[in-house]
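Q: Following is a predicted model, sequence given first.
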Amino acid sequence: MNDIKILELLASKICHDLISPVGAISNGIEILEEMGPDAGDEVTALIASSTTQANAKLKTLRMVYGLGGADDSIRISDIHALFGEFIESEKRLSHDWNPHDDFGITPKAGFAKMLLAALILVSETLPRGGIISVEAGEENTILVTGKGENANFQENFLHALEHKTRAEDLSPKHVHAYVTGLLAQNYGFEITPDNTDGDFICLRLKSSTVF
């Protein structure tokens, strides 16, 4: 797989995720500059909400793709809060799980990165929105599930996750799945789809070594 192509696609995805809130901030500032106090509270609220959204996306992407996400001291409750901020602007998406439940694991290096990556993967399989949950599976395994109309892992998505896709055939839409597969290999995890059709999907996140 061409490393440069993967870097280019990942950069495209990150920019795509950030362009909407950053663009809204820019538009709001332009209106303020033109109208001053007459711009009204709606413009100020737009800038504030867009800033919050951009900040949430930056923090999430930094944890998944950056070095900081490998820290084994990151708590599951931190991941829960961060993912909630990440999907807050997606009105049709929600997550319903208790980060203080007993998942039967002690997080190791890279766990926070992998769980957050899995949550994002599942969110991308819910085209009409839905509810995302996390629960304990068998030993050393966490299940990340999504329930919603037309929930599914598309073939291109699965091929990217399993590294069956050539660099020239990969798109920004599927690069997160490919990179998640790379991260799993690097940090000693297995991430596999358990249910791939209907209105319910599941990803199994398992440590290939003892936590």
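A: That came through fine.

Q: What's the local residue count around the residue nearest to residue 93 when sequence neighbours are not counted?
A: Using C-beta to C-beta, 6 or more residues apart in numbering and skipping the chain neighbours, the partner closest in space to residue 93 is residue 87 (4.6 Å). To be clear about C-beta, it is placed using only N, CA and C from the backbone, and glycine gets the same treatment. The burial metric for residue 87, expressed as a neighbour count using other C-beta atoms under 10 Å, is 19.

Q: gap between the most far-flung residue of the chain relative to its centre and residue 47?
A: Seen from the C-alpha centroid of the chain, the residue lying at the greatest distance (C-alpha atoms, centre = their mean) is residue 38, 38.3 Å away. With distances defined as C-beta to C-beta, to the nearest Å, the gap from residue 38 to residue 47 amounts to 15 Å.

Q: quick revisit: got a list of what the residue nearest to residue 93 touches?
A: For residue 87, the contacting residues are 93, 94, 95, 123, 132, taking C-beta atoms under 8 Å, 6 or more residues apart in numbering as the criterion.

Q: how about the strands of the chain, start to end?
A: Counting by DSSP state E, residue ranges of the strands within the chain are 93-95, 130-136, 141-147, 189-195, 200-207.

Q: Just checking: what are the partner strands of the last one?
A: Yep, that's strand 200-207 we're talking about. The sheet places strand 200-207 alongside strand 141-147 (antiparallel), strand 189-195 (antiparallel), with pairing taken from DSSP bridges.

Q: rank these by pLDDT, which is bottom?
A: Within these, confidence is poorest for strand 189-195, with a mean of 88 (mean pLDDT).

Q: Please identify the buried residues of that one?
A: Along strand 189-195, these residues count as buried under the neighbour rule (16 or more other C-beta atoms under 10 Å): 189, 191, 193, 195.

Q: same deal with stretch 158-178?
A: 158-161, 165, 170, 172-178.

Q: residue ranges with poor pLDDT in this protein?
A: Counting by pLDDT under 70, the low-confidence segments of the chain come to 1, 196-197, 209-211.

Q: the longest helix in it is where?
A: The longest helix of the chain (DSSP state H) is helix 3-35.

Q: May I see the buried residues of it?
A: Using 16+ other C-beta under 10 Å as the burial criterion, the residues of helix 3-35 that qualify are 6, 9-10, 13-14, 17, 21-22, 24-25, 28, 31-32.

Q: Mind telling me which residue is nearest the centre of this protein?
A: Note on the chain: the residue nearest the mean C-alpha position is residue 120, at 2.5 Å, using C-alpha atoms, centre = their mean.

Q: quick revisit: please determine how far the residue farthest from the centre of the chain is located from residue 44.
A: Separation of residue 38 from residue 44 (C-beta to C-beta): 12 Å.

Q: Same check on residue 163?
A: Relative to residue 44, residue 163 is positioned 46 Å away (C-beta to C-beta).

Q: before we move on, back to that, in TSV: the strands paired with strand 200-207, plus distance to residue 67.
A: Output for the strands paired with strand 200-207, formatted as TSV (distance: least, C-beta to C-beta, whole Å):
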stretch	distance to residue 67
strand 141-147	22
strand 189-195	17
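
Q: I'd like to know which of those is closest to residue 75.
A: Proximity to residue 75, assessed across those by C-beta to C-beta, is greatest for strand 141-147 (14.2 Å).

Q: Now tell me what touches the closest one from outside.
A: Contacts with strand 141-147, where a contact means C-beta under 8 Å, 6+ apart, come from 103, 105, 115, 118-119, 121-123, 125-126, 130-137, 194, 199-207.
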